[in-house]
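Colleague: need a structure here:
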Amino acid sequence: MVETRLPILTTSIMLFALGFLGRIALHDYHNFETIMVSVFLASMLLPASVAMTVTLSMIVLSDMYLGYFGASKIIIFTYTGFLIVSMITSGFQHIIRGEFKPGTVYKFTASGLIFATIYDTWTNFGVFWLSYAHTPENLVLVYILGLPFMIYHLLSSIITFTVLGFPIYCALSSKANDPQILNQRKELEI
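Modeller: Down below sits the predicted model:
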């Protein structure tokens, strides 16, 4: 976890709002979303347990608001897909993080591409598992049919991770010197 400029609760609320409100505002543009970048930032900036809470709350509450919650079996694959992104980010954040410089921008852009690929691979497998006869031909068919959505998702991830994710990370990742923030962080890490 990186030390944040703001208290953990404030950072959590901001990242939740980015994911939740961004998903609702961009609802008509499928696979162009802010949830993935919010999950990524939460895992980069917050303790793992708080990041998981932010991740689950923004996807569950936005699904409830949009009327998707419980409407399809694929939801287990979409939710676990975001949790996979959160866990991988938490594990590799020491490699990804950095200062305000071009190398860090490239890491953020590459992370967006990698995580969109992992997420789409997992959710397409879910479509295959839940909706098709389990044959190699159908597995290939599902991935071929998913290519247009995956390409669009990759493009949106380049934009959101570079234009939103990197500046937000740089703004929030400054070291905190406020004793109240430092004490709150120690309590959450225990």
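Colleague: Ser111 reaches Ile96, doesn't it?
Modeller: Yes. With contact defined as CB atoms under 8 Å, Ser111 reaches Ile96; the gap is 5.8 Å. Just so you know, the C-beta spots here come from the backbone N, C-alpha and C atoms, and that holds for glycine as well.
Colleague: need the residues touching each of the two.
Modeller: Between them, Ser111 and Ile96 share these contacting residues under CB atoms under 8 Å, 6 or more residues apart in numbering: Thr89.
Colleague: out of those two, which sits in the more crowded spot?
Modeller: More crowded of Ser111 and Ile96, by other CB atoms under 10 Å: Ser111, with 25 against 16.
Colleague: buried set for the lengthiest helix in the chain?
Modeller: In the chain, assigned by DSSP state H, the helix with the most residues is helix 102-131. Buried positions in helix 102-131, judged by neighbour count with 16 or more other CB atoms under 10 Å: 104-105, 107-109, 111-112, 114-116, 119-120, 122-128.
Colleague: which other residues reach stretch 33-40?
Modeller: So stretch 33-40 is in contact with 15-16, 18-19, 21-23, 26, 51, 54-55, 58-59, 62, 82, 85-86, 89, 111-112, 115-116, 119, 156-157, 160-161, 164-165, going by CB under 8 Å, 6+ apart.
Colleague: ok, now which ones touch the residue lying closest to Thr109 once chain neighbours are set aside?
Modeller: Leaving out its chain neighbours, the residue that sits closest to Thr109 by CB to CB, 6 or more residues apart in numbering is Thr162, at 5.0 Å. The contact partners of Thr162, by CB under 8 Å, 6+ apart, come to 105, 108-109, 112.
Colleague: JSON lines for those residues, including distance to Tyr68 and pLDDT?
Modeller: Output for the contacts of Thr162, formatted as JSON lines (distance: CB to CB, whole Å; pLDDT from 0 to 100):
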{"residue": "Val105", "distance to Tyr68": "33", "pLDDT": "87"}
{"residue": "Phe108", "distance to Tyr68": "28", "pLDDT": "90"}
{"residue": "Thr109", "distance to Tyr68": "29", "pLDDT": "92"}
{"residue": "Gly112", "distance to Tyr68": "23", "pLDDT": "93"}
